[in-house]
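Q: Mind folding the following:
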Amino acid sequence: MPPPPAGMHVLEPEEKKQLLGSAAGEEPGEPEEANEEVESESAELEEMRALEGASLDPGAKPNAAVLQSLRRLGLANPLRLRMLDALEEPTFREDDTPEELALITDLQNFDVAQIQDRYDIPLDMQPLVAQYIHFFQGPGRKWFRKWVSRSTRFLPVMQPILEQKGLPRDTVYLAMIESGFSANAYSWAHAAGPWQFISSTGKMYGLRQDFWVDERRDPVKATHAAAAYLKQLYSELGHWYLAWAGYNTGGGRVRRMMDRHGTSDFWALSQEKGFAKETQHYVPKLIAAAMIAKNPSAFGFRDDEFEYEPPLEFDEVKLVDATDLDVLARAAGVSVKDVQELNPELRRWCTPPASEKQPYMLRLPKGSGEPFAKNFKQLSPSERLVFRIHKIRRGDTLSKIAVEYGTAAEAILQFNKLKSARTLRVNAELAIPVPASRGASAVLERKVAQARRSGVTVLRPEEEIPAGTPRAPVATGPIKTEVINGRTRVTYGVQDGDSLWAIAQRFNVSVDDLRRWNELPRSKRGLKIGTVIEVWPGNAPAPQVQERSGTVVASTQPAKPASSASKVHTLAAGETLWSVAQRYGVTVEDIQRWNNIKDHRNIPAGKQLVVAAP
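A: Numbering: from 1, shown residues only. Predicted structure coming up:
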């Protein structure tokens, strides 16, 4: 067993015996007090004495008075056990709160050994370390302030896990440079969460990733996984610098570099070909971040630059079924946002399916667990939604799925964290919220209103593209073209798989015009094969009198689309920027930019749009 740290007192066997003995009846006790109030006051006084003795002179050997005070607290008193532990652990060491460092201005000549004892990771003042310190002080200052402000939320949770796994506590700053302690961070390499696990490595270390959750985003579970991964890298590579580099680029690559160049010196290896620039910079960036984060004032940061977040604290409750987050939040008396922030692994607007044998542990704000348990039991079925999983089939649309399950399209979008959906991907899965009972329409209506407030938009059925439809669906049925009173009329025969949207796209008209020209009610969702549809291509309205008199020209050629040479297009009722963009061979973003349009959802019919680059 290693010797105790300086400043820490270890109880001698006799002292332990003295402390533990009297409560077991081995020493004569004090006369019993007849008054309970006096006993209470005496206990409080003894508690104060014990705390005073340990706080004011933690390094001194406890005298007889302190031992006697602790003895009087009794075996069952939590304070007695806590103080006993404190006298044997470095809890009250004087060097736990070292003096504040003076401002460091000359990094080039700074001896990092002066502050090494403040860190439990190795430090080197290499040129790149100094450069990163200057970067965080200058161009990267606003991001570093945010990182440090956020660190106070996660350090109290993450550091004990690292220490428990045998890692230096300051390894936590790896999460700082990876994600800025953000659970929602997502990289170009598809790495997610505070420790930036890619999918395969996350699964290797036990992080569940499925339709319901992505545990890479959970700060607690991901820290356990990161600690296991880093510990393995350290045991394989032999130095923390190499383990950190391995975390960034893979342990195998670091080992090959070590074998190829015959050295385990990271700084030497970083000068050789084989490491990407990101890996070469990874270790110095981590050292710089740790040095500043633990002593920000020494590196020119003022305390008022930070908005420190409160520590991550929560209650956990067991759930045995998939449950709507809105229902959970109302039962706990908190906001949905509070629930989502504490459970960033959730990918849906509900918790995953669970059971009595395998419950789901949900986090709620500290202090809300007890009221939740009481309120949740009292919720009637009419206040709840249940969930079904729908695997998207060819031909499915959102409106069709909503009708099939007796729910609302807005609720489906929100539960699946989608703002809108013109088309669905075949074989993808959707969580479908369904009322738990016939009388649960109110909860569904509330969910629809909530979805709309959050920006969810639902397309009209005729604007949806059935799943499995080619990217540019084109109606391919037979047509007949006629000229009537100088206007072109196309007669189109509906084929299997056709929709009003596809027909409108072929002839560059709007769905609303197709309905008006053919007197189709809005309630009519499908088209019968063989139906004849009249189309009047072009921007001018169809003639009021539609008799078939006049010059008739029969043709089996497709109707010619309106010329895209025109630079101005008048938006017809029912048209969208997307359909206009398709017509003129441009993008929606182009049209928005050329016409200074911020919100594409509320453009009035009749508006003239520039549809070609100025």
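
Q: Near E462, how many other residues are there?
A: Residue crowding around E462 was assessed by other Cβ atoms under 10 Å; the count is 22. No exception for glycine: its C-beta is placed from N, CA and C like everyone else's.

Q: quick one: it and V426, what's the gap?
A: Applying Cβ to Cβ, to the nearest Å, the value for E462 to V426 is 21 Å.

Q: All the strands of the protein, residue numbers only.
A: 314-319, 360-365, 385-391, 429-435, 479-484, 487-493, 532-535, 568-570, 608-610 (DSSP state E).

Q: State the mean pLDDT of the first one.
A: Along strand 314-319, the predicted local confidence has a mean pLDDT of 96.

Q: contacts for it?
A: Identification of contacts with strand 314-319 by Cβ atoms under 8 Å, 6 or more residues apart in numbering yields 328, 342, 351, 354, 359-370, 372-373, 376.

Q: about what we covered before: mind putting the strands of the chain into TSV with mean neighbour count and distance to W501?
A: Below are the strands of the chain laid out as TSV (neighbours: other Cβ atoms under 10 Å; distance: least, Cβ to Cβ, whole Å):
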stretch	mean neighbour count	distance to W501
strand 314-319	16	41
strand 360-365	20	40
strand 385-391	17	22
strand 429-435	20	21
strand 479-484	17	17
strand 487-493	18	14
strand 532-535	18	13
strand 568-570	13	18
strand 608-610	15	20
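
Q: Adding distance to T201, write those strands out as a markdown table.
A: Output for the strands of the chain, formatted as a markdown table (distance: least, Cβ to Cβ, whole Å):
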| stretch | distance to T201 |
| --- | --- |
| strand 314-319 | 27 |
| strand 360-365 | 24 |
| strand 385-391 | 27 |
| strand 429-435 | 24 |
| strand 479-484 | 56 |
| strand 487-493 | 54 |
| strand 532-535 | 55 |
| strand 568-570 | 50 |
| strand 608-610 | 48 |
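
Q: For stretch 257-271, buried residues please.
A: M257, M258, F266, L269, S270 (16 or more other Cβ atoms under 10 Å).

Q: now stretch 446-460
A: Per 16+ other Cβ under 10 Å, stretch 446-460 contains these buried residues: K447, V448, Q450, A451, V456, V458, L459.

Q: Please apply the same query to stretch 373-385.
A: Quick answer for stretch 373-385 (16+ other Cβ under 10 Å): N375, F376, L379, E383, R384, L385.

Q: so who does the last one touch?
A: Residues in contact with L385 (Cβ under 8 Å, 6+ apart) are D324, V327, C350, A411, P433, V434, P435, A436, A440, V443, L444, K447.

Q: Of those, which is the nearest to M291?
A: C350 (43.4 Å; Cβ to Cβ).

Q: Domain parsing of this protein, as residue ranges.
A: 13-95, 112-305, 315-379, 383-458, 470-562, 563-614 (automatic domain parsing).

Q: State the pair within the buried residues of stretch 373-385 that is farthest apart.
A: Pairwise across the buried residues of stretch 373-385, and taking Cβ to Cβ, the largest span is found between N375 and L385, at 16.8 Å.

Q: So for the protein, the centremost residue is which one?
A: When Cα atoms, centre = their mean is applied to the chain, the residue found nearest the centroid is N184 (3.4 Å).

Q: wait, doesn't T407 sit right on P435?
A: Yes - using Cβ atoms under 8 Å, T407 is in contact with P435, at 7.4 Å.

Q: can you give me the end-to-end distance of stretch 198-215?
A: 11 Å (Cα to Cα, to the nearest Å).

Q: again, but for stretch 347-355
A: Per Cα to Cα, stretch 347-355 runs 19 Å from first to last residue.

Q: What are the buried residues along it?
A: Buried residues in stretch 347-355 (16+ other Cβ under 10 Å): R347, R348, W349, C350, T351, P352, P353, A354.

Q: pLDDT score for the residue nearest to Y205 when sequence neighbours are not counted?
A: Of all residues not flanking Y205 in the chain, A225 sits nearest, at 3.8 Å (Cβ to Cβ, 6 or more residues apart in numbering). Note for A225: predicted pLDDT of 98.

Q: ok, A225 - contacts?
A: W195, F197, G202, Y205, G206, L207.

Q: Could you do N248 as well?
A: Counting by Cβ under 8 Å, 6+ apart, N248 makes contact with E278, T279, Y282.

Q: Residues in contact with the longest helix seen in the chain: which ones?
A: Longest helix of the chain, by residue count under DSSP state H: helix 141-164. With contact meaning Cβ under 8 Å, 6+ apart, helix 141-164 is reached by 136, 168-169, 171-172, 175-176, 180-182, 194, 219-220, 223-224, 227, 289, 292-293, 296, 301, 305-312.

Q: Figure out how far that helix is from the centre of its chain.
A: 17 Å (Cα atoms, centre = their mean, to the nearest Å).

Q: and the angle for that helix with strand 314-319?
A: Here helix 141-164 runs at 70 degrees with respect to strand 314-319, directions being taken by axes from the mean of the first three to the mean of the last three Cα atoms, to 10 degrees.

Q: how close does E100 get to I115?
A: 12 Å.

Q: Which of the buried residues of stretch 257-271 lies at the shortest distance from V586?
A: Nearest to V586 among those, with distances taken as Cβ to Cβ, is S270, at 48.0 Å.

Q: Out of the contacts of helix 141-164, which end up buried?
A: With burial judged by 16+ other Cβ under 10 Å, the buried subset of the contacts of helix 141-164 is 136, 168-169, 171-172, 175-176, 180-182, 194, 219-220, 223-224, 227, 289, 292-293, 296, 301, 306, 312.

Q: which ones among these are found in helices?
A: F136, A175, M176, P219, V220, T223, H224, A227, A289, I292, A293.

Q: D303 reaches S297, doesn't it?
A: Yes - counting by Cβ under 8 Å, D303 does reach S297; the two are 7.1 Å apart.

Q: Now render the contacts of A225 as CSV, adding pLDDT and distance to Y492.
A: Shown next, in CSV, are the contacts of A225 (pLDDT from 0 to 100; distance: Cβ to Cβ, whole Å):
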residue, pLDDT, distance to Y492
W195, 97, 57
F197, 97, 53
G202, 96, 52
Y205, 97, 58
G206, 96, 58
L207, 97, 53
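
Q: D124 and K273, how far apart?
A: Distance from D124 to K273, by Cβ to Cβ: 22 Å.

Q: The two: who's more crowded?
A: D124 (15 against 7).

Q: which residues does the more buried one contact?
A: By Cβ under 8 Å, 6+ apart, D124 lies in contact with V112, W267, I287.

Q: Lowest-confidence entry in these?
A: Out of the contacts of D124, that is V112, at 90.

Q: what mean pLDDT would you report for stretch 467-485?
A: Mean predicted lDDT for stretch 467-485 stands at 73.

Q: Do me a favour and get the end-to-end distance for it?
A: 40 Å.

Q: ok, now stretch 319-333?
A: 17 Å.

Q: Likewise for stretch 491-498?
A: Rule used - Cα to Cα; the end-to-end distance of stretch 491-498 is 15 Å.

Q: And the contacts of that stretch?
A: Residues contacting stretch 491-498 (Cβ under 8 Å, 6+ apart): 395, 466, 469, 475-482, 503, 507, 527-535.

Q: Any idea how far stretch 194-212 is from the middle of the chain?
A: Counting by Cα atoms, centre = their mean, stretch 194-212 comes out at 13 Å from the chain centroid.
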